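Participant: predicted model follows, preceded by the sequence.
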Amino acid sequence: MADPILKVTDVCAGYGGVPVLHGISLEVCEGELVAIVGANGAGKTTTMRTIAGLMRPTRGSVEFYEEDVTGLPAHVMVKKGLTYVPEGRRLFQKLSVRENLELGAFTERNRDVIEERLARVYDLFPILKERSDQKAETMSGGEQQMLAIARGLMSAPKLILLDELSLGLQPSLVERVLRAVTEIRRFNVTVLMVEQRVLEALEIADRGYVIQSGRVVMSGPSGQLLNSEEVKRAYLGI
């Protein structure tokens, strides 16, 4: 495996003095699609928020391209090339698709660069180009999720963190959205995703980490995890 661009070491974090993460360690290498999977409440989102700079760990470190970025705020992380797409989409519902996308490029002042990025995300998600003048609130859940991903890509990240993309989506839309995740790598963007749908996530990922009660209990290539009796029993109902 190549040298990691993201290295999380022994991270502990929580809310209001209540610990949620108990020594999480993981790595992501350039060009990979890595999945963090586990049951609801396992600590997956807390892991992502800590990496993204929305939470400060009580112990441990986060390194991005060999730089210690532990506890740096989220807007600084975006400038360094790490973008977080939170669960629940959190779009500006009253604004148009294009306006939402342009807000994703808030760190860029060059209009030509912004237009170039818009062209790239429209190429990746043609439906967004068709709906560019439409208000976000009038779109379907799947379309809104694609808009949330595209908005994240507008900051030109080196690494994008995607949190619970399937949350609240009809099963027919889940496959469509997850297929779009695999297309992100056309942008030369590395992907770390969190997903409750263990089977679907591991089917598209290169590697995975299984989190349980704030700890990594298993990790490895996706195929290996999918064939694990423990994963089958605990998460796939087999």
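Facilitator: Thanks, I have the structure now. Residues are numbered from 1 along each chain as shown.
Participant: remind me which helix or strand the spatially most central residue of the chain belongs to.
Facilitator: With distances taken as C-alpha atoms, centre = their mean, L162 lies nearest the centre of the chain, 1.5 Å away. Secondary structure from DSSP states H and E places L162 in strand 159-163.
Participant: what helices or strands is that strand leaning on?
Facilitator: Judged by 3 or more C-beta pairs under 8 Å, 6 or more residues apart in numbering; DSSP states H and E, strand 159-163 is in contact with helix 44-52, strand 82-85, helix 141-153, strand 190-195. The C-beta positions use only the backbone N, C-alpha and C, and glycine is treated the same way.
Participant: among those, which is nearest V11?
Facilitator: Closest approach to V11 among these (C-beta to C-beta): helix 44-52, 5.9 Å.
Participant: low pLDDT regions in this structure?
Facilitator: Scanning the chain for pLDDT under 70 picks out 1, 88-89, 237-238.
Participant: can you pull out the strands in it?
Facilitator: Ranges of strands within the chain are 4-15, 18-29, 33-37, 59-64, 67-68, 82-85, 159-163, 190-195, 207-212, 215-221, based on DSSP state E.
Participant: R120 touches F187, doesn't it?
Facilitator: Yes: with contacts counted by C-beta atoms under 8 Å, R120 reaches F187, the gap being 6.7 Å.
Participant: common neighbours of the two, please.
Facilitator: The contact sets of R120 and F187 overlap at L153 (C-beta atoms under 8 Å, 6 or more residues apart in numbering).
Participant: isn't S61 up against G71?
Facilitator: No: counting by C-beta under 8 Å, S61 does not reach G71; the two are 9.3 Å apart.
Participant: more neighbours: those two, which one.
Facilitator: S61 (15 against 12; other C-beta atoms under 10 Å).
Participant: bridging residues for the more buried one?
Facilitator: T9 (DSSP bridges).
Participant: ok, now which ones touch it?
Facilitator: Each residue near S61 by C-beta under 8 Å, 6+ apart is listed here: 7-11, 68, 70.
Participant: let's see that with 7 Å instead.
Facilitator: S61 makes contact with 9, 68, 70, according to C-beta atoms under 7 Å, 6 or more residues apart in numbering.
Participant: could you identify which of the residues you listed has the most neighbours?
Facilitator: In terms of neighbours by other C-beta under 10 Å, the contacts of S61 top out with T70 at 19 neighbours.
Participant: pretty sure that residue sits against R59.
Facilitator: No: with contacts counted by C-beta atoms under 7 Å, T70 stays clear of R59, the gap being 9.9 Å.
Participant: you'd agree V191 is up against L161?
Facilitator: No: in this structure V191 lies outside contact range of L161 using C-beta under 7 Å: 8.2 Å.
Participant: Y15: which of the contacts of S61 is nearest?
Facilitator: Nearest to Y15 among these, with distances taken as C-beta to C-beta, is T70, at 17.9 Å.
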